[in-house]
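**Q** pasted the sequence and its predicted model underneath.
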Amino acid sequence: MADDAQHEHEFEAAGDSGASATYPLQCSALRKGGFVVMKGRPCKVIDMSTSKTGKHGHAKVNYTGTDIFNGRKYEDMSPSTHNVDVPNVARAEYLLIDIVDDFLSLMEDSGDMKEDVKVPEGELGDKLREEFAEGKEILVTILKAMGIEAAISHKEAPKGGQ
């Protein structure tokens, strides 16, 4: 048996958990409403079309997506048989406890605190601050993908416990 040292490789993990930030998917399996990495950003597919097989034998998939965090629009094209990266996207709701120095102080269902998400910019952030100042109990929806976390929406918490 050959020396095993030549087969040992070190792989750098993306993120801080064992889960990968993305996974491969054949381009032809992409669907409108699904997620895909475009220009290094997690995007939601908003439109796609497939062209006929060309003289080189590959049908091409044209797809358009919007960045799930900043709304920027991207377009890309890939042979239908090639793989594209799909981001692992997690969505969770937290109870807003406080707003401190432009950061949300959020409580998970388990009672653990999460204090590393910034108040969203623009109208969403303004409305969130306003409703919190009025004393409303607010649930904030946090989207997490590729090491990025952001508040994407909020709503008033249901009365009388959950």
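**A** Noted; the coordinates are in hand. Numbering: from 1, shown residues only.
**Q** all helices for this protein, in order.
**A** For the chain, the helices defined by DSSP state H occupy 122-133.
**Q** quick one: low-confidence parts of it?
**A** For the chain, applying pLDDT under 70 flags the ranges 1-19, 54, 160-162.
**Q** top strand in it by residue count?
**A** strand 89-100 (DSSP state E).
**Q** buried sites along that one?
**A** Across strand 89-100, burial judged by 16 or more other CB atoms under 10 Å covers 94, 96-97. Using the backbone N, CA and C atoms, a C-beta is placed for each residue, glycine as well.
**Q** and for stretch 147-159?
**A** So for stretch 147-159, counting by 16+ other CB under 10 Å, buried means 149-151, 154, 157.
**Q** bridging residues for the nearest residue to residue 58 once chain neighbours are set aside?
**A** The shortest distance from residue 58 to any non-neighbouring residue, by CB to CB, 6 or more residues apart in numbering, is to residue 79 (4.0 Å). Applying DSSP bridges to residue 79 gives these bridge partners: residue 60.
**Q** give me the neighbour count for residue 79.
**A** By other CB atoms under 10 Å, 16 other residues sit near residue 79.
**Q** wait, it sits on residue 53?
**A** No - the pair residue 79 / residue 53 is not scored as a contact, 10.0 Å apart, by CB atoms under 8 Å.
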